[in-house]
Structures are given as C-alpha cells and as structure tokens.
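**Student:** here is my input; please provide its structure:
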Amino acid sequence: MQKILIIEDDPSLSEALAKKMKGEGFESFVSSDGETGFRMIEEKLPDLILLDLILPKKNGFQILEDLAKRPDLGNIPVVVLSNLESAYDIERVSSFGVKGYLVKANYSLDEVVKKVRAILAS
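**Tutor:** Presented below is the predicted three-dimensional model:
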C-alpha cells in the first residue's frame, strides 16, 4: 500500500484529504506543522508528500530546502497544495523539483487524487 504524507495545518482539509486518500486505497498520515511533518518524512518514508507552504514551526519552503539537502529523502515526490498563487512562489518551489503545484481553491479532492495517482504511476 502506497503511503501519502499530508502536511497541512487546516484540520478540515487535512482530515478530508486523509479520508479521501484512505478511500482510494492509500495509507495516509497527517501532520499539522512543519517540524512534525519533517520528522514523519524521516520515519514513514512516504511514497508522496502533499505539502502546504504556510505552516507553523517550519514552513513548506524550509521543508523543501531540508529535503534537497538529504539524498535519502530528496527523491520523494512532493505536490504542493497552497493558496499562494504568485509566480514568485511557484518558481521558488519549482526550483526544488516539486511534481505539482495545486492552488487549493482551484482543485477538488478527486483532482488531487488524480494528480497523486499520475505522479506515482510515472
């Protein structure tokens, strides 16, 4: 069973994502802050990370920087789920090789699952 780590501080969204992923046959884990999220990446070694950028304790940009420094973790695909829409933010995360950048308001849970499946199948 493929493992998805959801690092998202909005409890209703993270719960909905986790429930949807489980219903789609994935094992999912949730963290509501960046520090705990990074520890969970190290412990769970997920197959894919759904990452918010604005997080307490350690933001998504810092998590991407930390992943880039770790050859053992740097190859885990990351999909950013954020409300940040500026070209600057999108370029900034793209420089870390993220596999997708989804603006929360523009995507349904089904579309997120479709993106996750496509990335894991590639």
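**Student:** quick one: I119 and D9, what's the gap?
**Tutor:** According to C-beta to C-beta, to the nearest Å, I119 stands 23 Å off from D9. The C-beta positions use only the backbone N, C-alpha and C, and glycine is treated the same way.
**Student:** oh sorry, the question was meant for L51
**Tutor:** Shown here: L51 relative to D9, a distance of 11 Å by C-beta to C-beta.
**Student:** next SSE downstream of the lowest-mean-pLDDT helix or strand in the chain?
**Tutor:** Within the chain, no helix or strand scores below helix 87-94, which has a mean of 90 by mean pLDDT, DSSP states H and E. Next helix or strand after helix 87-94 toward the C-terminus (DSSP states H and E): strand 100-103.
**Student:** list the pairing partners of that next one within its sheet, with orientation.
**Tutor:** Under the criterion DSSP bridges, strand 100-103 sits next to strand 78-82 (parallel) in its sheet.
**Student:** so for the partner strand, mean pLDDT?
**Tutor:** Taken as a whole, strand 78-82 has an average pLDDT of 96.
**Student:** likewise stretch 32-52?
**Tutor:** The average pLDDT within stretch 32-52 is 97.
**Student:** what about it, how long is it end to end?
**Tutor:** End-to-end span of stretch 32-52 (C-alpha to C-alpha, to the nearest Å): 10 Å.
**Student:** what comes up buried for that stretch?
**Tutor:** By 16 or more other C-beta atoms under 10 Å, the buried positions in stretch 32-52 come out as 32, 34, 36-38, 40-41, 46-52.
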